[in-house]
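>>> sequence? don't have it. structure:
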């Protein structure tokens, strides 16, 4: 019988790739854990370097090498193997930094139950965000083919530049928000949240403007046919730019003991995303995928902002 995964995508090459990805999933998880350990130890820049830049070094190195020896067919394997390399490197660095820490007073032990209760909703939220970034790709592959996935993937990556700004500011503010919320200093918390939201909006606006004014020029850098992703790129960029105005909703909910609420908001957003993608992608392709993504992220940002205002009487908007 035909493999159900290959049957769904109507492509016999899909299952081997999924199998290889599953095999290195542990190392990818290890890398993600280690980047968070770097952040916990105060190495925020190192953490963000691994999260957003260094993780692409293995595949870029592999691409150059494979082009030289004319073995481009192994690019996917090189990309997947890169997670093993990153997992081992970051683990070695974590042990190195941990061994340099001077042992002081013994810290209170945290039970496994406490870890699970606190982190499970955040983990579910992370899974929901992953699905939001993946459902459109899977359905585009099924209904439109690999070429369209490649064009749309470039549009998503360009939009992700705005997301990097949001994540970087949120990571910087997360511990301070948790500290101010725990201490009950609501006045300082309000100012910190508003200043963070303002910073995110001001940093993302120039990049969003450049992408929206010159979408075809930017996409043409990747090849002639990539210009077909113009409308999708504009929709994705504008929606991400609007969401940047909501600033720190994600980190605020997670850092103020409302992660369980955020989890449910994202689950609903995923359901909306799946339904819209299923309806729009077969007929509208990349544009339908972009509209579905835009509606989903606008939904969870708006609902999150309403929840924060209702529960804490905190207006996130700085204007």
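Received it, and whenever you're ready, just let me know what you need. All of these numbers come straight from a predicted model, not from anything done at the bench.

>>> Tell me where the model's unsure across this protein.
Within the chain, the ranges that satisfy pLDDT under 70 run 1-2, 102-112, 114-120, 122, 317-319.

>>> for it, which helix is longest?
Counting residues, the longest helix found in the chain (DSSP state H) is helix 259-312.

>>> who does that one touch, helix- and strand-wise?
helix 112-132, helix 135-143, helix 146-183, helix 230-244, helix 249-255 (3 or more CB pairs under 8 Å, 6 or more residues apart in numbering; DSSP states H and E). From N, CA and C alone the C-beta is placed, and that goes for glycine too.

>>> Distance from the fourth one to the middle of the chain?
This means helix 230-244. Taking CA atoms, centre = their mean, to the nearest Å, one finds helix 230-244 lying 15 Å from the centre of the chain it belongs to.

>>> what angle do it and helix 259-312 make?
Orientation note: helix 230-244 sits at an angle of 60 degrees relative to helix 259-312 (axes from the mean of the first three to the mean of the last three CA atoms, to 10 degrees).

>>> List the contacts of helix 230-244.
Residues outside helix 230-244 that contact it (CB atoms under 8 Å, 6 or more residues apart in numbering) are 151-152, 155-156, 158-159, 162-163, 165-166, 200-201, 204-205, 208, 211-212, 215-216, 218-219, 286-287, 289-291, 293-294, 297-298, 301.

>>> Name the residues of the helix or strand that contains residue 197 that come out as buried.
Element membership for residue 197 (DSSP states H and E) is helix 186-213. Buried residues in helix 186-213, counting neighbours by 16 or more other CB atoms under 10 Å, are found at 189-190, 192-194, 196-197, 199-201, 203-204, 207-208, 211.

>>> Ok, stretch 153-170 next?
Buried, per 16+ other CB under 10 Å, within stretch 153-170: 153-156, 158-159, 161-163, 165-170.

>>> sorry, back to before: tell me which of the helices and strands packed on helix 259-312 sits nearest to residue 45.
Within the helices and strands packed on helix 259-312, the stretch nearest residue 45 is helix 146-183; the backing value is 9.7 Å (CB to CB).

>>> tell me the angle the closest one makes with helix 259-312.
Calculated by the same axes, to 10 degrees, helix 146-183 forms an angle of 60 degrees with helix 259-312.

>>> Which strands and helices lie in contact with helix 146-183?
helix 44-52, helix 135-143, helix 186-213, helix 215-220, helix 230-244, helix 249-255, helix 259-312.

>>> Repeat the analysis, applying 10 Å as the threshold.
Here helix 146-183 touches helix 25-40, helix 44-52, helix 135-143, helix 186-213, helix 215-220, helix 230-244, helix 249-255, helix 259-312, going by 3 or more CB pairs under 10 Å, 6 or more residues apart in numbering; DSSP states H and E.

>>> Helix 186-213 and the last one, what's the angle between them?
On the basis of the same axes, to 10 degrees, helix 259-312 is oriented at 110 degrees to helix 186-213.

>>> the inter-axis angle of helix 259-312 versus helix 135-143?
Using the same axes, to 10 degrees: helix 259-312 against helix 135-143 is 130 degrees.

>>> My read is that residue 172 contacts residue 42, right?
No: counting by CB atoms under 10 Å, residue 172 does not reach residue 42; the two are 11.7 Å apart.

>>> Which of these two has more residues huddled nearby?
Set residue 172 next to residue 42 and count neighbours by other CB atoms under 10 Å: residue 172 wins out with 15 against 11.

>>> No further queries at this time; thank you.
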